[in-house]
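K.L.:
Here is a sequence together with a model predicted from it:
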Amino acid sequence: MKLQGKAAVITGAGSGIGRATALKFAQEGAKVVVAEFNETTGTETVELIRAAGGEASFIQTNVAEYSEVERAVNFAVEQYGRIDTMFNNAGIGVNRPLLEQTPEDYDRVVKVNQYGVFYGILAAGKKMAELGIHGTIINTASVFAYMASRGVIGYHAAKGAVKMMTQSAALELAPHNIRVVAVAPGGVDTPIIQGYKDAGLSEHLARQQMRNKLMQPEQIANVVAFLASGEADGINGSVVMVDDGYAEFK
């Protein structure tokens, strides 16, 4: 129960890494705000947490709008009296060759994956500083912040920005005793890779990890929960690779 008494906001918690992390946080004693655009999947996550004896609330959130991210942060404080962890996890992707992409494709991906993270850092950082909470802001980066791949230029741009925003925010928020860190997953078996699966690329994706299999969302969630805990107090401004070696043998 290393998160006992803490409150967390998790964006994109309706599926994949976000849902697995919400469940893990609740198991570790945290009160969880499920901040999710999809009301159906977000509510399902809350129900799963409550069925397991945890405490959670849902708030519909479009992370591409600062006002909605700020509302989710304020909601956590209204519900639970505090916010200790902000997990900026929501993300989308467009997989299309560069010359077939449109400015709208790029804008949509960057607005969610990059701006959404900045909004979470800003809203949570302000609230933590205001309340005097020595909190943790955790961002979902990616191996694609470090390595090029075809068809996802907007995703690369956004995740590269997440890496640098993590470092910059950690430096600026350190005087408030707020840590900012990130995780960089490799190939994870979540809905965001469904397009690759539909194209028959499951085995190819699996081989990108050292142990030749896709990672599971729970593996990422375990690391996020550790980073949110006091045990990780010495980790700040870092991007933790949670990729089963994806980036290490290319």
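P.N.:
Alright, I've got the coordinates.
K.L.:
List the contacts of stretch 116-132.
P.N.:
For stretch 116-132, the external contacting residues (C-beta atoms under 8 Å, 6 or more residues apart in numbering) are 9, 11, 63-66, 69-70, 72-74, 77, 82-83, 86, 88, 90-91, 133-135, 137, 139-140, 161-162, 165, 169, 173, 176, 178, 180. Heads up, the C-betas are built off the backbone N, CA and C, glycines and all.
K.L.:
next one: stretch 61-71
P.N.:
Residues outside stretch 61-71 that contact it (C-beta under 8 Å, 6+ apart): 11-12, 35-37, 59, 72, 88, 90, 111-112, 115-116, 119-120, 122-123.
K.L.:
quick one: which of the residues you listed sit in strands?
P.N.:
11, 35-36, 59, 88 (DSSP state E).
K.L.:
Of those, which is the most crowded?
P.N.:
Within the ones in strands among the contacts of stretch 61-71, A35 tops the neighbour count with 35 neighbours, counted by other C-beta atoms under 10 Å.
K.L.:
ok, now which ones touch it?
P.N.:
9-13, 42, 59, 61, 63, 69, 72, 90.
K.L.:
between these, which is closest to P103?
P.N.:
V63 (20.3 Å; C-beta to C-beta).
K.L.:
Give the burial count for the closest one, as a bare number.
P.N.:
Neighbour count of V63, defined by other C-beta under 10 Å: 27.
K.L.:
measure it to G120 for me?
P.N.:
7 Å (C-beta to C-beta, to the nearest Å).
K.L.:
doesn't T190 make contact with G93?
P.N.:
No. G93 lies out of contact with T190 (C-beta atoms under 8 Å); the separation is 10.6 Å.
K.L.:
residue ranges of the strands in the protein, please?
P.N.:
7-11, 31-36, 55-60, 85-88, 136-140, 179-185, 239-242.
K.L.:
quick one: which of those is nearest G154?
P.N.:
strand 136-140 (15.4 Å).
K.L.:
so who does the residue nearest to Q219 when sequence neighbours are not counted touch?
P.N.:
Nearest residue to Q219, sequence neighbours excluded (C-beta to C-beta, 6 or more residues apart in numbering): V242, at 6.7 Å. Listed by C-beta under 8 Å, 6+ apart, the contact set of V242 reads 183-186, 215, 219-220, 223.
K.L.:
and Y66, what pLDDT?
P.N.:
What the model reports as pLDDT for Y66 is 98.
K.L.:
between the strands of the chain, which gets nearest to Q101?
P.N.:
Taking the strands of the chain one by one with C-beta to C-beta, strand 136-140 is closest: 22.2 Å.
K.L.:
Helices of this structure, start to end?
P.N.:
Using DSSP state H, the helices of the chain run over 16-27, 39-51, 66-80, 103-110, 116-131, 153-173, 194-198, 202-206, 217-228.
K.L.:
if you average pLDDT over each of the ones you listed, which comes out lowest?
P.N.:
Among the helices of the chain, helix 194-198 scores lowest, with a mean of 72.
K.L.:
pLDDT wise, what is the residue nearest the centre of the chain at?
P.N.:
Closest to where the C-alpha atoms of the chain average out (C-alpha atoms, centre = their mean) is N89, at 1.9 Å. Listed pLDDT for N89 reads 98.
K.L.:
Show the contacting residues for it.
P.N.:
N89 neighbours (C-beta under 8 Å, 6+ apart): 10-13, 17-18, 21, 139-140.
K.L.:
measure the residue of the chain most remote from its centre to G160 for me?
P.N.:
Most distant from the centre of the chain: L99, at 29.0 Å, with distances by C-alpha atoms, centre = their mean. Distance of L99 to G160, computed by C-beta to C-beta: 21 Å.
K.L.:
Then A22?
P.N.:
A22 is 26 Å from G160, by C-beta to C-beta.
K.L.:
So for these two, which sits in the more crowded spot?
P.N.:
The neighbour comparison of A22 against G160 (other C-beta under 10 Å) goes to A22, with 31 against 16.
K.L.:
quick one, what contacts the more buried one?
P.N.:
10, 13, 32, 34, 45, 49, 56.
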